[in-house]
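Q: The following comprises the amino acid sequence and a computationally predicted model.
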Amino acid sequence: MKHGFWKTVDDVINKADIVVLVMDARFPEESFNADIERMVRQKGRRIIYALNKCDLINEPPKLPETLKPHVFVSGKKGYGITRLKILLKQLSPKNVEKPKVGIVGYPNVGKSSIINKLKGRGIVRTSSQPGFTKGKQYVNTTNFFLVDTPGVIPRSEIESDKHLKMVSTLMDNRDPEEAAEQLMVMYPGLVEHYFNVEVHEDHQDTMEAIAKKHNFIMKGNKPDITRTAKTILQLWQDMKITPR
């Protein structure tokens, strides 16, 4: 594992009174990091599971009993942020006037977007580009002191059996758009780099940009997202899009 990444995470957890583990509501299993959870519990910190991007799902997925307390949020639209604030207040140490809250998780799950909503204004720049947050960022809010961590996945984590298993099932997915989004969640920036398009917070926007650039247009001048998704998956299967 990449030493710098885990050193930063360890430092954040050590300094935090409470930790928010941010996950992707669309892919909770794939965006859950057991190593981070283990570190949090070993250090005796309380943890909240924040499943971000809930605005992109039709209904909340069933979660394991161990993922409690959890809250479904949208860093983009603000859903669930009030509930997250309430949980933070309830679980924070009573003798601490302004608790330090560590925000941790995989890249592209929207950590900075959640911080922006907790702050109330866009104090932390956001991007889907991996490694965009270069180091710890400290954000002072009315009730909390927030600490953001860089979103860099260690190479060994990317190559783990769990992720390889997920990749092997992409082409079997009956919904090409969902499968293409899963690929972009797993390898942030990879598809965008191949097509030389801007990275977007919403992967639907990314596929629209690719469709427009390559003239995948339907009647009514609408971008053909399904064709775009199938093209991405075919290029992945043909190993033309591969992790760098």
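A: Okay, I see it. Numbering: from 1, shown residues only.

Q: Low-confidence ranges, this protein, go.
A: The chain contains residues with pLDDT under 70 at 1-5, 121-137, 150-174, 237-239, 243-244.

Q: All the strands of it, residue numbers only.
A: With DSSP state E as the criterion, the chain has strands at 18-24, 46-52, 70-72, 100-105, 137-140, 145-148.

Q: could the ones you listed go into a markdown table alongside distance to T206?
A: All C-beta spots, glycine's among them, are computed from the backbone N, C-alpha and C. As requested, the strands of the chain are exported to a markdown table (distance: least, CB to CB, whole Å):
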| stretch | distance to T206 |
| --- | --- |
| strand 18-24 | 15 |
| strand 46-52 | 17 |
| strand 70-72 | 23 |
| strand 100-105 | 20 |
| strand 137-140 | 25 |
| strand 145-148 | 23 |
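
Q: nearest to T231, of those?
A: T231 sits nearest to strand 18-24 of all those, at 23.2 Å, using CB to CB.

Q: counting contacts, what elements does the closest one pack onto?
A: Counting contacts by 3 or more CB pairs under 8 Å, 6 or more residues apart in numbering; DSSP states H and E, strand 18-24 is packed against helix 34-42, strand 46-52, helix 81-91, strand 100-105, helix 111-119.

Q: Can you check which of those gets nearest to D175?
A: Between the helices and strands packed on strand 18-24, strand 46-52 lies closest to D175; by CB to CB that is 20.0 Å.

Q: Identify the residues contacting the closest one?
A: With contact meaning CB atoms under 8 Å, 6 or more residues apart in numbering, strand 46-52 is reached by 17-25, 28, 37, 40-41, 60, 63, 67-75, 80, 84, 87-88, 91-92, 109-110, 113-114.

Q: Strand partners (parallel or antiparallel) of it?
A: Strand pairing for strand 46-52, determined by DSSP bridges: strand 18-24 (parallel), strand 70-72 (parallel).

Q: what's the most buried one of the ones you listed?
A: The highest mean neighbour count among these, using mean count of other CB atoms under 10 Å, belongs to strand 18-24: a mean of 25.

Q: Around A209, count how many other residues there are.
A: A209 has 19 neighbours, counted by other CB atoms under 10 Å.

Q: got it, and D175?
A: For D175, the tally of surrounding residues (other CB under 10 Å) stands at 11.

Q: Then the one 5 residues further on?
A: For A180, the count of nearby residues is 27 (other CB under 10 Å).

Q: for the residue nearest to it when sequence neighbours are not counted, what are its contacts?
A: Distances taken as CB to CB, 6 or more residues apart in numbering place A229 nearest to A180, at 3.9 Å, with adjacent residues excluded. Residues in contact with A229 (CB under 8 Å, 6+ apart) are P176, E177, A179, A180, M207.

Q: can you tell me which of those residues lies nearest to N33?
A: Using CB to CB, A179 comes nearest to N33 of the contacts of A229, at 22.1 Å.

Q: If I follow the layout properly, that closest one ends up in contact with L233?
A: Yes. A179 is within contact range of L233, at 5.8 Å (criterion: CB atoms under 8 Å).

Q: Now that Q182 has come up, it's in contact with S31, right?
A: No. Using CB under 8 Å, Q182 makes no contact with S31, being 10.5 Å away.

Q: what's the span of stretch 94-101, first residue to last?
A: 14 Å (CA to CA, to the nearest Å).

Q: for that stretch, which positions count as buried?
A: Within stretch 94-101, the residues scored as buried using 16 or more other CB atoms under 10 Å are P99, K100, V101.

Q: which one of these sits closest to D224?
A: Nearest to D224, judged by CB to CB, of those is V101 at 42.4 Å.
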